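> I need the structure of the sequence given here:
(chains A and B)
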Amino acid sequence: MLLLRRPGFVSMTINSKKMRVWTLGIIGIIALGMASWKAVDDPVPTGPYTLQYPASFGGRFTIPADNPTTQEGVYLGRLLFYEPLLSSTKTISCASCHQQARAFTDGLALSVGVTGKTTQRNSMSLTNLLWVRQLFWDGRSNSLEEQALVPLGHADEMGSKPNTAAKALQKTTLYPALFRLVFGSDTITDVRIGKALAQFERTLISANSRYDHYLLGTYQLTESEKRGMQLFNSAPSMERNVRGGNCAHCHGGPKLYQEVFHNNGLDLKVTDAGRQVITGLALDNGRFRVPTLRNIALTAPYMHDGRFATLEAVLNHYSEHIQNGPTLSHELPGQTSGFHLTRNEKSDLIAFMHLFTDSTFVNNPQFADPHHRVHRVHRVK
Amino acid sequence: MNVLILRTKTIFSAGLTIGLYLLTFVGHAQALTISGEVSKPLTLQSADLKAMTHTDVTAKDRDGKDHTYSGVPLVDLLKQAGATLGSELRGENLTKYVVIKAIDGYEIVFALAEIDPEFATRTIILADTVDGGPLAQGVGPYRVVVPGEKKPARWIREVKSIDVRFAK
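Predicted coordinates for the structure are as follows:
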């Protein structure tokens, strides 16, 4: 069901009559079963969840038929996202490495999981994942349902052996009834955990930055931002006397990324094979997904290994230090080691990139830790 | 016991290093797949493509210069896979489109009729050589060339798959 709410905005609702019928039937049971918990929290919202996004983001996404987005599913997914019981040490949740204030990153070059060891790659920002078709830096997962279970089971991330997190949740007073509400029975499994997390992640839509307002015609660019945008959108050309960083070629469009995997010339000799580990193709050596630039000012440090602490360092790389390795992206000037931007051009580009910060996204109470609302004493039997 | 673990680890990491080395420098053979609404889905190796009849096309690339590309017309590839072309390209079959994907994730689309010579005056080819030589790294193994198209954005590089679909 598609309905237009306001010009330029699309609302998408998963229409599921069946779900509504059993939701009504089950609500009484839930009310009894969760009396102690409900006493300390608001009623669980139920019914189809409406995903709202600008029409310019487009409808190129698929929600699995066996996991429609519902309000109760998103509610459960959010609790799980902030749930340390999912880790083997019961100390780390998804939110440990994906903090809302940092646009769901962790500020570290490489994250630290249950073992104290660092992970292989930099924590990715969780923004507009509804549209992402191949998740992770190397694109290994084709669905959020599948993706969510990878850090759960990874020895150096949350370290939970198969179904141990599910067992831990089963022992609480909080979760079995919620799983019943969302999935029809109170059996908790890893697959269901992944489904609920995926539902919550689909709601993490960022579309309210100053850049979005500029696109809608409700924000006026400063002179510096204007120059920055010009550089961002232009491929340089000596003949036509055009300066540019050609950024938009890979980071363009309203969502600020194209779903491609490129080698951006960090090292002459690749240290992490990246996409090649997944595909086995020589051409993919040292390629990583092109990340969105949404909230980029909040997600330092940068690159798959977090090697650059600041946006200035990132621009210095693209300006002067591109390594002309065999699989360097076709869009990058390997022969000249970079775009050779001036100091002023770099600061204009950075001014422009700050427009991508969506402060309503990082402060949205719908995405925040919900557990303070739930009396923890009641949670573990 | 410790020594044993250490040895196992060493062997494992050596294996991993050799594996990665092979991955880096040998790579997998890059096959081309043709799938979807076709009667004979195909996986073609580079030798299979080399053996097919080639057509030469001269067209301007992004550099503004004319280049001679040699390759297999897309129509021949799709015919071999049993797509509905020629006399069969009518009625609902006119709602078919062709998704071509690159290794790096880039994707483009043609309507099936754009590829059929009974509709189109230009011959779109899947090139495997340019000006008599191999395609450059990051362009090959195969590149679509669309003669006469003003913007070369559908000249997709690193082609890995061709998928025929119905518009639904």
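> Burial check on residue 129, number of neighbours?
Since you didn't name a chain, this refers to chain A. By other C-beta atoms under 10 Å in any protein chain shown, the residues close to residue A:129 number 20. No exception for glycine: its C-beta is placed from N, CA and C like everyone else's.
> That was the other one, I meant chain B.
Neighbours of residue B:129 (other C-beta under 10 Å): 17.
> any idea what sits nearest it, other than its immediate chain neighbours?
Distances taken as C-beta to C-beta, 6 or more residues apart in numbering or on different chains place residue B:70 nearest to residue B:129, at 4.7 Å, with adjacent residues excluded.
> From chain B, how far out is residue A:292?
Going from residue A:292 to chain B by C-beta to the nearest C-beta, to the nearest Å gives 14 Å.
> list the contacts for that residue?
Residues near residue A:292 by C-beta atoms under 8 Å, 6 or more residues apart in numbering or on different chains: A:125, A:127, A:128, A:251, A:255, A:256, A:257.
> Excluding residues flanking it in the chain, which one is nearest the last one?
This points to residue A:257. Spatial nearest neighbour of residue A:257, excluding adjacent residues (C-beta to C-beta, 6+ apart): residue A:292 at 4.1 Å.
> Look at the one you found and report its pLDDT.
pLDDT, residue A:292: 97.
> so how far is residue A:97 from it?
Relative to residue A:97, residue A:292 is positioned 17 Å away (C-beta to C-beta, to the nearest Å).
> Nearest to residue A:356, out of the contacts of residue A:292: which one, please.
residue A:256 (6.2 Å; C-beta to C-beta).
> what number of residues lie near residue A:87?
Using other C-beta under 10 Å, residue A:87 has 23 other residues around it.
> now swap in residue A:262 and tell me
Residues within reach of residue A:262, counting by other C-beta under 10 Å, total 26.
> which residue ranges form the strands in chain B?
B:32-36, B:42-44, B:55-60, B:66-73, B:96-102, B:107-111, B:125-130, B:133-134, B:143-145, B:159-166 (DSSP state E).
> For chain B, what's its nearest residue on the stretch 251-381 of chain A.
Taking C-beta to the nearest C-beta, chain B has its nearest neighbour within the stretch 251-381 of chain A at residue A:282, 2.6 Å off.
> tell me the pLDDT at that residue?
On the pLDDT scale, residue A:282 gets 93.
> Could you do residue A:16 as well?
The model's pLDDT for residue A:16 equals 49.
> Can you give the distance from stretch B:143-161 to the centre of its chain?
Computed by C-alpha atoms, centre = their mean, to the nearest Å, the chain-centroid distance of stretch B:143-161 equals 10 Å.
> can you tell me the average pLDDT over it?
Taken as a whole, stretch B:143-161 carries a mean pLDDT of 95.
> Give the buried residues for stretch A:80-94.
Using 16 or more other C-beta atoms under 10 Å in any protein chain shown as the test for burial, stretch A:80-94 gives A:80, A:81, A:82, A:83, A:84, A:85, A:86, A:87, A:88, A:92, A:93, A:94.
> next one: stretch A:345-364
The neighbour-count check on stretch A:345-364 (16+ other C-beta under 10 Å) flags A:345-358, A:361-362, A:364 as buried.
> correct me, but residue B:30 touches residue B:161?
No. Taking contacts as C-beta atoms under 8 Å, residue B:30 lies outside contact range of residue B:161: 10.8 Å.
> care to break chain B down by domain?
Chain B resolves into domains spanning B:1-28, B:31-166 when parsed by automatic domain parsing.
> Of those domains, which stretch is the most buried?
Across the domains of chain B, averaging neighbours per residue (mean count of other C-beta atoms under 10 Å in any protein chain shown) puts domain B:31-166 on top, at a mean of 17.
> Endpoint to endpoint, it covers what distance?
24 Å (C-alpha to C-alpha, to the nearest Å).
> How far off centre is it?
For domain B:31-166, the distance to the chain centre is 7 Å (C-alpha atoms, centre = their mean).
> rewinding a little: with distance to residue B:79 added, can I get the strands of chain B in CSV?
Listed next are the strands of chain B as CSV, based on distance: least, C-beta to C-beta, whole Å:
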stretch, distance to residue B:79
strand B:32-36, 10
strand B:42-44, 11
strand B:55-60, 14
strand B:66-73, 9
strand B:96-102, 13
strand B:107-111, 15
strand B:125-130, 13
strand B:133-134, 26
strand B:143-145, 17
strand B:159-166, 12
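> Great, nothing more from me.
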